[in-house]
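Engineer: predicted model follows, preceded by the sequence.
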Amino acid sequence: MDFFIDLVPALPFLLVAFSLVDMFTATKLAMAAALLQLGASRLRYGRIKRMHAITFAAIVVFGSVTLLLKDDYFIKIKPTVLNWGFALVFLGAPILFRKNLLQLMLADKIAMPARAWARLNLMWVAYFAAIGGANLYVATYLSPEAWGKFRVFGMYGALLVFMVLQGFYVYRHMTEVAEPAPAADDPPPPP
């Protein structure tokens, strides 16, 4: 369910990929879809997830510039700007604040040595930089239809492949987390 909520704002560009609407109509639909995503996030989680708020703000800003200037390049480079921004944040947090954002988000679910967390963080930096660069290339040199296909199939396909590869890396470096000792008044575990 979470994946589908995350996918909602990209779906209008699928219509561009198959030449069903132009980029400006898809931009308007994406702006409306991002608003729906905020509502779905609020309903599902009881709050609006930070990532959905960032996505909404970026779509509104880049979509508005696209519509006002009648230039679809701005909406097409939004994924590049966001991904490169994420790369900078993930790269900068350990350097400036001595905090690994992935470890902060996932340490309660996954236990790994600090060095493995640092490498995983750099993998995400590389992924964000690469997918941003690929999007910039496609947005600049290929047709709107090709960009629409890349936006929906290429970017999500690359994310899926990256997540699977990352899963192998995490599995290889996971350490066992000691289970908390039972409290004195807890019943003994079943045999």
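Structural biologist: Sure thing, it's come through. Treat the numbers as computed from the prediction; the structure is a model and nothing was measured.
Engineer: only C-alpha atoms for contact and neighbour calcs from this point on.
Structural biologist: Fine.
Engineer: distance check, residue 108 against residue 102.
Structural biologist: 11 Å (Cα to Cα, to the nearest Å).
Engineer: between the two, who's got more neighbours?
Structural biologist: residue 102 (14 against 9; other Cα atoms under 10 Å).
Engineer: what strand or helix carries that one?
Structural biologist: Using DSSP states H and E, the element containing residue 102 is helix 101-106.
Engineer: flag every buried residue along that helix.
Structural biologist: Neighbour counts over helix 101-106 (16 or more other Cα atoms under 10 Å) mark 101, 103 as buried.
Engineer: what of stretch 139-155?
Structural biologist: 139, 144, 145, 147, 148, 149, 150, 151, 152, 154, 155.
Engineer: from what I can see the fourth one touches residue 17, true?
Structural biologist: Yes. Using Cα atoms under 8 Å, residue 147 is in contact with residue 17, at 7.1 Å.
Engineer: rewinding a little: helices or strands next to the helix holding residue 102 in the packing?
Structural biologist: Secondary-structure packing of helix 101-106 (3 or more Cα pairs under 8 Å, 6 or more residues apart in numbering; DSSP states H and E): helix 114-141.
Engineer: try 7 Å
Structural biologist: Applying 3 or more Cα pairs under 7 Å, 6 or more residues apart in numbering; DSSP states H and E, we find helix 101-106 packed against no helix or strand.
Engineer: would you mind identifying the next helix or strand past the helix or strand of the chain with the lowest mean pLDDT?
Structural biologist: Of all helical and strand segments in the chain, the minimum by mean pLDDT, DSSP states H and E falls on helix 2-7, at a mean of 82. Tracing the chain past helix 2-7, the next element assigned as helix or strand by DSSP H and E is helix 12-17.
Engineer: following that following helix, which helix or strand shows up next?
Structural biologist: By DSSP H and E, the next helix or strand past helix 12-17 is helix 23-45.
Engineer: that next one packs against which elements?
Structural biologist: helix 12-17, helix 50-69.
Engineer: ok, residues contacting that helix?
Structural biologist: Residues external to helix 23-45 that are found in contact with it (Cα atoms under 7 Å, 6 or more residues apart in numbering): 5, 8-10, 12-13, 16, 47-49, 52-53, 56, 59-60, 63, 67, 72.
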